[in-house]
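Colleague: model this:
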Amino acid sequence: MIVSIDVDAQKTFTPLCPQELPVAEGDKIVDELNAQAALADLRVMTKDAHSPAARWLVDNYVDMLKPTGLKNADLTWVAHAMVGTEGYELLDGLPDLSGYNYCVWKGVDPQLHPYGACFHDIEERLSTGLIEWLTLQNTNTVIVGGLATDYCVKTTVLQLLKGGKWRVIVNAAACRGIAPETVEAAWQEMKAQGAVVLENAESIEIYLKSNV
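Modeller: Numbers count the residues shown, from 1 in each chain. Next comes the predicted model:
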């Protein structure tokens, strides 16, 4: 069973929401996410889903990325992906909820700000059920794309690599990241832990046919 995962493909992480956490070209990944999903049997969606009461919130960018002192919300961030706002929405061209087979909402509790899709907490004690669901589906391959490469995509991929015996493929064309140096470090870390990083959905299709 092949499963495709759209990691946080939300407007909050694109130039469509410039006052939130815009990632350059974050709105350009829809076609590749849909293309990788066409190679899969099942499709998963993950979304940041934050509360105005979040403990990690700050008002200005200059106060961002500072330690919070909280165990499961390590850094401060400006408001993003607040439930009910435009930033919370998936990118246009992606399915609605009924088009996915499994959904994960991340960071709903004001105490939590996880990056990976497999656990609600940074300590990785509180499962979202994704690993268990993938196991029940007899998953042998997971294809990952989304936002942002150097945070939520990376952490999700690393959690998936630890969580099961499946092959994890990352679609580079379906990802965008925040900073060149942290993006490059993320690619190297994912590869070092066993992820297969491929250029685009077309190259993934070729890879799958030759590595059945």
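
Colleague: ranges for the strands of this structure?
Modeller: For the chain, the strands defined by DSSP state E cover 2-7, 42-48, 57-58, 67-70, 73-75, 77-78, 102-106, 141-147, 167-176, 196-198.

Colleague: now for these, which one comes closest to residue 17?
Modeller: strand 77-78 (10.8 Å; CB to CB). Using the backbone N, CA and C atoms, a C-beta is placed for each residue, glycine as well.

Colleague: Tell me the helices and strands packed up against the closest one.
Modeller: strand 57-58 (3 or more CB pairs under 8 Å, 6 or more residues apart in numbering; DSSP states H and E).

Colleague: Who are the packing partners of the strand it packs on?
Modeller: Using 3+ CB pairs under 8 Å, 6+ apart, strand 57-58 sits against strand 77-78.

Colleague: Listing partners with orientation, what would you give for the strand it packs on?
Modeller: strand 57-58 (parallel) (DSSP bridges).

Colleague: for the strands of the chain, which one sits closest to residue 21?
Modeller: For these, proximity to residue 21 was assessed by CB to CB; strand 77-78 is nearest, at 7.0 Å.

Colleague: residues making contact with that closest one?
Modeller: Applying CB atoms under 8 Å, 6 or more residues apart in numbering, the contact partners of strand 77-78 are 19, 20, 21, 56, 57, 58, 59, 60, 61, 64, 65, 113.

Colleague: out of these, which one sits closest to residue 162?
Modeller: Proximity of the contacts of strand 77-78 to residue 162 (CB to CB) peaks at residue 113, which lies at 20.3 Å.

Colleague: beta partners of the closest residue to the closest one other than its chain neighbours?
Modeller: Distances taken as CB to CB, 6 or more residues apart in numbering put residue 73 closest to residue 113, at 3.8 Å, once the chain neighbours are dropped. Listed by DSSP bridges, the beta-bridge partners for residue 73 are residue 70.

Colleague: From residue 170, how far off is residue 73?
Modeller: Distance from residue 73 to residue 170, counting by CB to CB, to the nearest Å: 26 Å.

Colleague: Before I go, just wanted to say thanks for your time.
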